[in-house]
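S.K.: no sequence for this one, just the structure:
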DNA sequence: GCCGCTGACTAAAGCGGTTTATCTGACCGC
DNA sequence: GCGGTCAGATAAACCGCTTTAGTCAGCGGC
């Protein structure tokens, strides 16, 4: 039915149901002022012609876009290699879809990040944005505030500049990791950090350092691996050249850890015999390296869902409480073992 | 300036420039019928109040959303592990951003895939969609055609049901791989395939089989690795248990190949001494495994850009020519070597 | 001096909904 | 019999821009 013609509008439905367009609108927005009988008649008429309110029209008259924005500022390579985003986005979608909302994705080169947010705000194409990968001295909280754009920071509560945050603490996992290594007899535990500008990379590093102190161990060497395979490899090479050599390395993420394992093996070191390795993320691949990678797992999907949920609250109520999700936990596998000579 | 108040509208600009709203519209849409002087005055007035046409309003009156849609139907885990999507999306964005368009991302569970497309069409929130991960007997080409929704298939031209396609041929890479292995003396070359329902997985398998025939070799064993680490690992275990054991495996993608290497090593086989391994994708990690992975690289970013470009053409002109991008090429590394005993 | 034309610009009608103010009876109490 | 209330429904304004159909002044031609 409904053949080829134009798409039906609210007027068609109104005509068919023998009411005014406003009545149809009321019916579809669950507003009072309509008898149950009329309401039912309208809904069935709409169904008969296959009508659904146009998002665009609704967006215009309500001033709401019905969509959230997510701007990814990482280098494309890093985004791709990181399982975080897709899982996170899937989580976000799970709550958006339920509401019939959409997700506007933007991949921006760092240089035009601000412009991207401005455009999003100017276009009014989204009702709010999620801010991920919070950086040290990040300009975005101030920017979205200035743009009067509802936003939620996905990450550290302390640095979200007055915005609401949804955080998942990665520190306990790093503390656990160091603790685990210390108990295995390691005394020289290095860290291969993420890009220094990322707040979460910094936090991981701090957690590692604090855990060393707590375990009564000296601070170990820190190198930057940039969250990438290449960076992890380079850092690992440098660490292996040190004297004394560290016997364990805590990497900021799995990608650099996996590369680290490869480099160590290539250089003739046994993992974990000569070098214990810990990652972070629990990439699908982590359980399928040789040896299998000790790493930490978090519920990223839920993180995305809660972030979206919270952003909705901010959009509707203007504000929302900070949320702290269950911290990630360490999964022990075979890339960690007793310190050599013990 | 412009202080807190409401966002300026076209009327504000018109008033400031001393013209009618239509004149402003004309100025911003590069239409004739305005003197250069007036045009300039309008533009400067707009700049002064920081006005930009509202996307939503424009979308409503022009009947164009100014956005493209991308529905990902894979399992979230697979999406995350695959560097394809983020790179592809970055490529898409590169042309969208230039036009001030947006990308509407949808992650759908397989069961509600059709519903997602219908919603996208009903909402008129996108002007067209990109169809990736074409499956065997894929219902989507017919679906979007029925929904009268402009679409471009990212993949195989033969199975795109009358839609325009943008393809990047992966067969040459698989042919190269088999050829390379044959030249190294391998005679039992297995394949760990992607999910059978994916057209590109099937095509890779066919390319592998054809290359074996061309090299005068018998068909080798085929197992499904599902593009995942876990699947790759399981398939590899089975292959290693065969008698006679294959001496080389061509995996459908890097993820399963990397897992395969780990499993082989775990089982005491040397790579490439006992088993040569080839992947596909050239994941960032491929150059940082031990041994480094022989795999194939394609220009995914460009693929995304061209796909978006093409979809725009389809939206505007109703159709566009099929596009064939440069096929991927094999990168030789150390995971492939002479067949054992040779 | 009248006509037709053209270039520059505007008024007003959409686009497809939402929302506010208004209208219409029916019902109620006195 | 009359004012008041209220549920049920509607007309009309509005969201902010695009676009079509004019309007109007100026100008050349005859």
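M.R.: Good, I have the coordinates. In this text, all values refer to a predicted model and were calculated from it rather than measured experimentally. Numbers count the residues shown, from 1 in each chain, chains lettered A, B, ... in the order given.
S.K.: sec struct for the residue nearest to residue A:337 when sequence neighbours are not counted, please.
M.R.: Using CB to CB, 6 or more residues apart in numbering or on different chains and skipping residues adjacent in sequence, the residue nearest residue A:337 is residue A:272, 3.4 Å away. To be clear about C-beta, it is placed using only N, CA and C from the backbone, and glycine gets the same treatment. Under DSSP: H, G, I helix; E, B strand; the rest coil, residue A:272 falls in the coil class.
S.K.: do residue A:295 as well
M.R.: strand.
S.K.: which ones are touching it?
M.R.: A:254, A:257, A:278-283, A:286, A:330-331, A:333 (CB atoms under 8 Å, 6 or more residues apart in numbering or on different chains).
S.K.: re the thing from before, residues near the residue nearest to residue A:337, how many?
M.R.: Using other CB atoms under 10 Å in any protein chain shown, residue A:272 has 26 other residues around it.
S.K.: for residue A:20, same thing?
M.R.: 13.
S.K.: that one contacts residue A:13, correct?
M.R.: No - using CB atoms under 8 Å as the test, residue A:20 is too far from residue A:13 to be in contact (10.7 Å).
S.K.: so the residue nearest to residue A:337 touches residue A:335, yeah?
M.R.: Yes - counting by CB under 8 Å, residue A:272 does reach residue A:335; the two are 5.6 Å apart.
S.K.: for the stretch 1-150 of chain A, which spans come out with low pLDDT?
M.R.: Residue ranges of the stretch 1-150 of chain A with pLDDT under 70: A:1-5, A:76-81.
S.K.: one more time with 80, if that's ok
M.R.: A:1-6, A:74-83, A:122-123 (pLDDT under 80).
S.K.: any idea where the strands of it begin and end?
M.R.: Assigned by DSSP state E, counting those that start in this stretch, the strands in the stretch 1-150 of chain A fall at A:67-72, A:102-107, A:128-131.
S.K.: ok, and what's touching the last one?
M.R.: Outside of strand A:128-131, the residues that reach it under the criterion CB under 8 Å, 6+ apart are A:68-71, A:92, A:117, A:120, A:138, A:140-141, A:144, A:149-155, A:160, A:163, A:307-308, A:311-312, A:314-315.
S.K.: check contacts around residue A:227.
M.R.: Residue A:227 neighbours (CB under 8 Å, 6+ apart): A:78, A:82, A:194-195, A:198, A:201, A:252-253, A:255-256.
S.K.: the helix or strand containing residue A:239 - contacts with which helices or strands?
M.R.: Per DSSP states H and E: residue A:239 is located in helix A:229-240. Contacts defined by 3 or more CB pairs under 8 Å, 6 or more residues apart in numbering or on different chains; DSSP states H and E place helix A:229-240 against strand A:189-193, strand A:222-224, strand A:248-251, helix A:254-266.
S.K.: sorry, back to before: let's see which of the contacts of strand A:128-131 end up in helices.
M.R.: A:92, A:117, A:120, A:140-141, A:144, A:307-308, A:311-312, A:314-315 (DSSP state H).
S.K.: quick check: the gap between the residue in the stretch 201-342 of chain A that DNA strand C sits nearest to and DNA strand D.
M.R.: Closest contact between the stretch 201-342 of chain A and DNA strand C, by CB to the nearest atom of the strand, is at residue A:316 (12.7 Å). From residue A:316 across to DNA strand D, the span is 19 Å (CB to the nearest atom of the strand, to the nearest Å).
S.K.: again, but for residue A:47
M.R.: Taking CB to the nearest atom of the strand, one finds residue A:47 at 18 Å from DNA strand D.
S.K.: what residues are up against residue A:91?
M.R.: Counting by CB under 8 Å, 6+ apart, residue A:91 has contacts A:300-308.
S.K.: for residue A:260, same thing?
M.R.: By CB under 8 Å, 6+ apart, the neighbours of residue A:260 are A:192, A:225, A:232-233, A:235-236, A:249, A:251, A:277.
S.K.: what do you get for residue A:115?
M.R.: residue A:108.
S.K.: distance check, it against residue A:134.
M.R.: 19 Å (CB to CB, to the nearest Å).
S.K.: what does residue A:163 give?
M.R.: Relative to residue A:134, and taking CB to CB, residue A:163 is found at 10 Å.
S.K.: what do the two both touch?
M.R.: With CB under 8 Å, 6+ apart as the test, residue A:163 and residue A:134 both reach residue A:153.
S.K.: list the buried residues of stretch A:34-50.
M.R.: In terms of neighbour count (16 or more other CB atoms under 10 Å in any protein chain shown), stretch A:34-50 has its buried residues at A:34, A:38-39, A:41-42, A:45-46, A:49.
S.K.: is any part of that stretch close to DNA strand C?
M.R.: No - for stretch A:34-50 and DNA strand C, the contact criterion (CB under 7 Å from any atom of the strand) is not met; the two come no nearer than 9.6 Å.
S.K.: and that stretch, how far out from the chain middle?
M.R.: 41 Å (CA atoms, centre = their mean, to the nearest Å).
S.K.: what residues does it touch?
M.R.: A:1-2, A:8, A:12-14, A:16-19, A:23-24, A:26-28, A:52.
S.K.: which parts of the stretch 1-150 of chain A sit against DNA strand D?
M.R.: A:18-23, A:26, A:32-35, A:37-38, A:57, A:60-61, A:63.
S.K.: keep only those of the residues you listed that are in helices.
M.R.: Going by DSSP H, the helices hold A:21-23, A:26, A:37-38, A:57, A:60-61 from these.
S.K.: circling back to that earlier point, adding distance to residue A:341, write the buried residues of stretch A:34-50 out as CSV.
M.R.: Listed next are these as CSV, based on distance: CB to CB, whole Å:
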residue, distance to residue A:341
A:34, 81
A:38, 84
A:39, 79
A:41, 84
A:42, 80
A:45, 82
A:46, 77
A:49, 80
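S.K.: nearest to residue A:241 among those?
M.R.: residue A:46 (71.4 Å; CB to CB).
S.K.: winner for burial among the helices and strands packed on helix A:229-240?
M.R.: Greatest average neighbour count among the helices and strands packed on helix A:229-240 goes to strand A:248-251 (a mean of 31), per mean count of other CB atoms under 10 Å in any protein chain shown.
S.K.: could you give the mean pLDDT of that one?
M.R.: The average pLDDT within strand A:248-251 is 98.
S.K.: in strands, which of the contacts of residue A:295 fall?
M.R.: Among the contacts of residue A:295, the members found in strands (DSSP state E) are A:278, A:330-331.
S.K.: neighbour-wise, which one of these leads?
M.R.: Busiest of these [other CB under 10 Å] is residue A:278, holding 31 neighbours.
S.K.: could you give the bridge partners of that one?
M.R.: Listed by DSSP bridges, the beta-bridge partners for residue A:278 are residue A:250, residue A:294.
S.K.: and the stretch 151-300 of chain A, which residues reach chain B?
M.R.: Counting by CB under 8 Å from any CB of the partner chain, the positions of the stretch 151-300 of chain A adjacent to chain B are A:228-230, A:232-233, A:255, A:258-259, A:261-263, A:265-266, A:283-285, A:287-292.
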